[in-house]
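Participant: Below is the sequence, then the predicted model.
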Amino acid sequence: VAAMPAIRPASGKPGRLLFAIDATASRQPTWDRACQLQGEMFMAVKEIGGLAVSLAYYRGFGEFAATPFLTSAEDLARRMTGVTCLGGHTQILRTLKHARDESQREKVNAVIFIGDAIEEDVDPICHVAGELGLRGTPVFCFQEGQNPIAQSAFRQVAKLSGGAWAPFDAASAGTLRDLLRAVAVFAAGGRQALVRLSSDGARRIAGQLPAPRKA
């Protein structure tokens, strides 16, 4: 574990962020809100090295998709606005496996997951979350609503991966904005950039991150 790379983007490269959203039927209002907010992630990191974002989502009958890593807010918005939510079961395990595989090819600095439910066995999900933690790819789980089963699972995923969990609701677009900006700053500039960010979201996230390993 001590030999794993530190959580910071490679020199001269933008931070790589996987932005994963549950796109099943109940998620359309949150999807629309995320479409409006995603540009602020890019704006937040312009001065600290930039950001490359891959959008991943699941919906319908076993459908899962992920975009290339995009460095333009306009490109990401165009991809997002072309997606509509469809009923189906959660595919969180598949999403985390995709994040793990992407990070094996080239380091992913952070994963954002936005969802409100879990309909899968938690143990395999936690196992992959632990693998992401060993690779230095924390998962930031942002939960809409108060489903206690989802909360327990999302908290475990965040802890095992070295990330953080935070709730929001349909009326708190400002909370979601704050959280997305904080993770974008973390992905682009690492822990040091995050702790310099003076926002409630940054403080909530930083307070859950594991202590940095000693050299």
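Facilitator: Alright, I've got the coordinates. Residues are numbered from 1 along each chain as shown.
Participant: For the lowest-mean-pLDDT helix or strand in the chain, buried residues please.
Facilitator: Of all helical and strand segments in the chain, the minimum by mean pLDDT, DSSP states H and E falls on helix 28-44, at a mean of 82. Of the residues in helix 28-44, 30-31, 33-35, 37-38, 41-42, 44 count as buried by neighbour count, 16 or more other Cβ atoms under 10 Å. The C-beta positions use only the backbone N, C-alpha and C, and glycine is treated the same way.
Participant: Just want the angle from the longest helix seen in the chain to helix 28-44.
Facilitator: Scanning the chain for the longest helix, with DSSP state H as the assignment, gives helix 173-196. Using axes from the mean of the first three to the mean of the last three Cα atoms, to 10 degrees, one finds that helix 173-196 and helix 28-44 are set 30 degrees apart in direction.
Participant: name the helices or strands packed onto helix 173-196?
Facilitator: When contacts are defined as 3 or more Cβ pairs under 8 Å, 6 or more residues apart in numbering; DSSP states H and E, helix 173-196 sits against strand 15-22, helix 28-44, strand 51-59, strand 110-115, strand 139-144, strand 164-168, helix 200-206.
Participant: Which positions in it come out as buried?
Facilitator: 175-190, 193-195.
Participant: Check the offset of that helix from the chain's centre.
Facilitator: When C-alpha coordinates are averaged (Cα atoms, centre = their mean, to the nearest Å), helix 173-196 and its chain have centres 11 Å apart.
Participant: so Cys85 is in which element?
Facilitator: Using DSSP states H and E, Cys85 is not contained in any helix or strand.
Participant: who does the residue nearest to the spatial centre of the chain bridge with?
Facilitator: The centroid of the chain falls nearest to Ile112 when counting by Cα atoms, centre = their mean (0.6 Å). Bridge pairing for Ile112 (DSSP bridges) gives the partners Phe19, Phe140.
Participant: How much space separates it from Asp123?
Facilitator: For Ile112, the distance to Asp123 equals 23 Å [Cβ to Cβ, to the nearest Å].
Participant: for Gln91, same thing?
Facilitator: 16 Å.
Participant: So between these two, which is more surrounded?
Facilitator: Gln91 (23 against 9; other Cβ atoms under 10 Å).
Participant: How about the contacts made by that one?
Facilitator: With contact set as Cβ atoms under 8 Å, 6 or more residues apart in numbering, Gln91 has these partners: 58, 62, 64, 120.
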